[in-house]
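Visitor: Sharing a model that was predicted from the sequence below.
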Amino acid sequence: MSTQVINENLDDLKNADNYTGMWKDLWSARDTAWHLTHRNPTLVKYEHLLLDGRKGSRMLFPMCGKVIDMKYFWEQGYEVYGADCAAEAAQDFFKEQQLEYTCEDLDEKSRLYSVADKRLNIVQTNFLTLDNPLINNTIECVWDRGAFGTITEEEQKLYIQTMKRLLAPNFRYLLLVTEFDDKLWTGVPFSQPEEKVRQYFGDFCEIEKLDSKIPDHVGLYQKHMQTPLEVKETTYLLKPKQRGQA
Ligand SMILES: C[S@@+](CC[C@H](N)C(=O)[O-])C[C@H]1O[C@@H](n2cnc3c(N)ncnc32)[C@H](O)[C@@H]1O
């Protein structure tokens, strides 16, 4: 598939809301086996590359769940936006982090959960169709673990279109995906080989592979997959592609 196809195929847009049902069901059953109860070690290791010396930048956690790193960056003075389709993700996050929050409609498809200073926010929305002037073209840093790597190819095309709407010109972006023998496991999460990442991000990002290893929390994946599969987490640093770069 060429990047041209990714950019031009809008047919999936009409199906975008069909994709969130499974996740909402998991959240209403509080079946969040993917959740890490500590800071993500890969984000800890590479946050200097993500922040790149910037202070107070606006950060995005696409398909954020209730990731505790969001609170950490808010405490460090960054402005944080998570986005998740499930109201429970936002509600559980603020409750578990013992933070008071308010909630208002952002637009007809999105609700905004925020703490009082408005620098820690979760947008309850379908990320695949998120398009709001409050955040379009403003995201300077992205941490993606468990978003691009857990959705189907149709969803991935919409994810890329959304990201292109949201990113500020000089963004930094850490993308963590899983890789494993996909003959032994088919389903969420999907194995994402390097060619796939280059195919989807290559037309607008400079891509540097940082790391590929079996994480300490591999048991989370193996429990979900019900097999002792060697699941690697591979992390890429993405930056805007300079003009004229191949
Ligand atoms: C595997 S979990 C990862 C959560 C989080 N990033 C983490 O590392 O713990 C995937 C999350 O994406 C959310 N999600 C899936 N599809 C979505 C969509 N189209 N829009 C917004 N959130 C979505 C789910 O509700 C779920 O919380």
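Guide: Nice, thanks for sending it over.
Visitor: wait, what's in contact with the residue lying closest to residue 181 once chain neighbours are set aside?
Guide: If the residues on either side of it in the chain are set aside, residue 181 comes closest to residue 229, at 6.8 Å by Cβ to Cβ, 6 or more residues apart in numbering. In this view, the C-beta of every residue, glycine as well, is placed from N, C-alpha and C. Counting by Cβ atoms under 8 Å, 6 or more residues apart in numbering, residue 229 makes contact with 180, 181, 184, 185, 221, 222.
Visitor: So the second one: helix, strand or coil?
Guide: Right, the one you point to is residue 181. Residue 181 falls in the coil class when you classify it by DSSP: H, G, I helix; E, B strand; the rest coil.
Visitor: which stretches of this structure form strands?
Guide: Listed from the start of the chain, the chain has strands (DSSP state E) covering 58-62, 79-84, 102-107, 110-114, 120-124, 139-145, 167-179, 205-213, 232-240.
Visitor: can I get the ones you listed in a markdown table with distance to the ligand and mean pLDDT?
Guide: Formatted as a markdown table, the strands of the chain follow (distance: least, Cβ to the nearest ligand atom, whole Å; pLDDT from 0 to 100):
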| stretch | distance to the ligand | mean pLDDT |
| --- | --- | --- |
| strand 58-62 | 6 | 98 |
| strand 79-84 | 4 | 98 |
| strand 102-107 | 13 | 95 |
| strand 110-114 | 10 | 97 |
| strand 120-124 | 8 | 98 |
| strand 139-145 | 4 | 98 |
| strand 167-179 | 8 | 97 |
| strand 205-213 | 16 | 97 |
| strand 232-240 | 11 | 98 |
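Visitor: Low-confidence ranges, this structure, go.
Guide: Segments of the chain classed as low confidence (criterion: pLDDT under 70) are 1-12, 244-246.
Visitor: For residue 197, which non-adjacent residue is closest in space?
Guide: residue 236 (5.9 Å).
Visitor: since we're on the one you found, how many residues are nearby?
Guide: Per other Cβ atoms under 10 Å, the neighbour tally for residue 236 reads 22.
Visitor: Over to residue 206?
Guide: Here the count is done by other Cβ under 10 Å, and residue 206 has 13 residues near it.
Visitor: Can you give me the distance of it to residue 242?
Guide: Counting by Cβ to Cβ, to the nearest Å, the gap from residue 206 to residue 242 is 7 Å.
Visitor: what residues does this structure put near the ligand?
Guide: The chain has residues 19-20, 23, 27, 34-35, 63-65, 67, 83-86, 89, 126-128, 145-147, 150 near the ligand, with proximity defined as Cβ under 6 Å from any ligand atom.
Visitor: From those residues, list the buried ones, please.
Guide: Applying 16 or more other Cβ atoms under 10 Å to the residues of the chain next to the ligand, the neighbour count classes 19-20, 23, 27, 34, 63-65, 67, 83-86, 89, 126-128, 145-147, 150 as buried.
Visitor: Counting neighbours, which bits of the longest helix seen in the chain end up buried?
Guide: The residue-count maximum for a helix in the chain (DSSP state H) belongs to helix 153-166. Counting neighbours by 16+ other Cβ under 10 Å, one finds that the buried residues in helix 153-166 are 154, 155, 156, 157, 158, 159, 160, 161, 162, 163, 166.
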